[in-house]
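Enquirer: next input, structure requested:
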Amino acid sequence: MSKISSIQALERLKTGNQRFASSSQSNNLFDSRNRRQELTEFQEPFAIILGCSDSRVLAEIVFDQGLGDLFVIRVAGNIVAPSQIGSIEFAVERFGTALVVVLGHSSCGAILATLEELERPSENRSPNLCSIVDRIRPSICTLLEINPSQSKDILVENAVRANIKASVDNLENGSEILKQLILQEKLLIVGAEYSLETGLVDFFDNAL
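Expert: Numbers count the residues shown, from 1 in each chain. Sure thing, here's the model as predicted:
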């Protein structure tokens, strides 16, 4: 079981991201034979990352962590569906991991695809892709209702953050297991946004 508290885990991620953004990463995080052998028997991931599938946002690299350190779930748009919730419940219960980070990123393609669908609905869009777009759509529609005249660039920026916050809310309220652990202060779920331009991760206000 993980022995690291949510606050310690959060600080470890922040420190690792600072190393990554400043190009001072740790060496040999993935090629240690001894570490590979250790992990054949057990794993103790200190944080769970629900991130986007974007090829430019690999959590282990962005946070400068190695084998066995992170339990990573990746899906386009860092959306929350039953399979993602179940995966997080599994990791929390099996490994005692106390921190979940929903990691979105700037210029998210899933956000852009949802905007395109709102502007020009497609009759032939794959139902599987629609399942992603439909989970992102409410956040964008709310932003458009509040300020319909905002520029597309600003809308995308705001939509990325709104979608991250929506995923955090869905995790906090979509599972009785996770909800109870939060109430017992055994689990912290936070949102964060990775900047493709700077390499820095901005943790949202509820990240202590």
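
Enquirer: quick one: residues in contact with the top helix by length along the chain.
Expert: Secondary structure of the chain per DSSP state H: the longest helix is helix 152-173. Counting contacts by Cβ atoms under 8 Å, 6 or more residues apart in numbering, the residues outside helix 152-173 that touch it are 50, 77-80, 85, 88, 100, 102-108, 111-112, 114-115, 136, 138-140, 142-144, 150, 178-179, 182, 189-193, 204, 206. Where you see a C-beta, it was placed from the backbone N, CA and C, and this is true even at glycine.

Enquirer: now swap in stretch 9-22 and tell me
Expert: Against stretch 9-22 from outside (Cβ under 8 Å, 6+ apart): 2, 4, 25-26, 46-47, 61-65, 97-99, 101, 188, 190, 198-201, 203, 207-208.

Enquirer: may I see the buried residues of that stretch?
Expert: 9, 10, 12, 13, 16, 17, 20, 21 (16 or more other Cβ atoms under 10 Å).

Enquirer: got the CA positions of the one helix or strand the third one maps to in CSV?
Expert: Under DSSP states H and E, the secondary-structure element containing residue 12 is helix 6-21. Taking only C-alpha atoms (Å, rounded to 0.1, in the frame of the first residue of the first chain), the coordinates of helix 6-21 have been written out as CSV:
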residue,chain,number,x,y,z
SER,A,6,-2.0,13.2,-0.9
ILE,A,7,0.0,16.4,0.0
GLN,A,8,3.3,14.6,-0.2
ALA,A,9,2.3,13.1,-3.6
LEU,A,10,1.3,16.5,-4.9
GLU,A,11,4.6,18.1,-3.9
ARG,A,12,6.5,15.2,-5.5
LEU,A,13,4.6,15.9,-8.8
LYS,A,14,5.2,19.6,-8.6
THR,A,15,8.9,19.1,-8.0
GLY,A,16,9.2,16.6,-10.8
ASN,A,17,7.4,19.0,-13.2
GLN,A,18,9.8,21.8,-12.3
ARG,A,19,12.7,19.5,-13.2
PHE,A,20,11.1,18.6,-16.5
ALA,A,21,10.3,22.2,-17.5
